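S.K.: Structure for this input, please:
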Amino acid sequence: MLKEILLLGNDALYKKSLLVQKEELDSIKGTVLDLHDTLIDFRKKYNAGRAIAAPQIGVFKRLIYMYIDKPIVFINPILKFDNKEIMEVMDDCMSFPNLLVKVNRYKECTVMYKDIDFIDRTIKFEGNLSELIQHEYDHLDGILATMRAIDNKSFYLKKQSKGSY
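M.R.: Okay, the predicted model is just below:
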């Protein structure tokens, strides 16, 4: 079901999310469907959106839904950074769809997580996918990209044009 995305300024976005327990899997599967529907709706409106974290729809569980080529559900993810190389990126967010924030992110990361069947998995990301998972992971800890801005001049409004942002 389509859910409202919490927007910048909503105090709930700064809450730290709780671990998902195995006995919660049935309700989490419903949340995953809500995340999917909400992500797809956002894509239609803004021509953007690759992933969404549960806190963005008011569910304060450690759950991320990513849909690029195929859906991936990250339950209780843990990030590991073997390579400390940093990249500067323009970060955007469904919680502030018309704003870009210049932030530093790690170029590579490894994610240890449980899948939708609560099976342990590991995946490595580089480049823009590394940035994406770090951004979504921050939502689980109540951290927004605005809080990671490189400096106070790192904020940009997206140029509005027909059909894209």
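
S.K.: residue ranges of the strands in this structure, please?
M.R.: 51-53, 63-67, 71-80, 86-93, 96-106, 108-114, 120-126, 155-157 (DSSP state E).

S.K.: Adding mean pLDDT, distance to residue 44 and mean neighbour count, write these out as TSV.
M.R.: Glycine gets a C-beta too; all of them are placed from N, C-alpha and C. Shown next, in TSV, are the strands of the chain (pLDDT from 0 to 100; distance: least, CB to CB, whole Å; neighbours: other CB atoms under 10 Å):
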stretch	mean pLDDT	distance to residue 44	mean neighbour count
strand 51-53	98	14	26
strand 63-67	98	13	24
strand 71-80	98	17	18
strand 86-93	96	16	17
strand 96-106	96	13	18
strand 108-114	98	28	19
strand 120-126	98	26	13
strand 155-157	95	22	12
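
S.K.: got a markdown table for those strands, with distance to residue 145 too?
M.R.: Formatted as a markdown table, the strands of the chain follow (distance: least, CB to CB, whole Å):
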| stretch | distance to residue 145 |
| --- | --- |
| strand 51-53 | 12 |
| strand 63-67 | 15 |
| strand 71-80 | 16 |
| strand 86-93 | 4 |
| strand 96-106 | 4 |
| strand 108-114 | 16 |
| strand 120-126 | 17 |
| strand 155-157 | 10 |
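
S.K.: Out of those, which is closest to residue 19?
M.R.: Smallest distance to residue 19 across the strands of the chain (CB to CB): 5.3 Å, for strand 71-80.

S.K.: Against which helices or strands is that closest one packed?
M.R.: helix 25-46, strand 63-67, strand 108-114, helix 127-140 (3 or more CB pairs under 8 Å, 6 or more residues apart in numbering; DSSP states H and E).

S.K.: Repeat the analysis, applying 10 Å as the threshold.
M.R.: Secondary-structure packing of strand 71-80 (3 or more CB pairs under 10 Å, 6 or more residues apart in numbering; DSSP states H and E): helix 25-46, strand 51-53, strand 63-67, strand 108-114, strand 120-126, helix 127-140.

S.K.: Can you add distance to residue 90 and give those back as JSON lines?
M.R.: Formatted as JSON lines, those follow (distance: least, CB to CB, whole Å):
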{"stretch": "helix 25-46", "distance to residue 90": "15"}
{"stretch": "strand 51-53", "distance to residue 90": "16"}
{"stretch": "strand 63-67", "distance to residue 90": "19"}
{"stretch": "strand 108-114", "distance to residue 90": "18"}
{"stretch": "strand 120-126", "distance to residue 90": "18"}
{"stretch": "helix 127-140", "distance to residue 90": "10"}
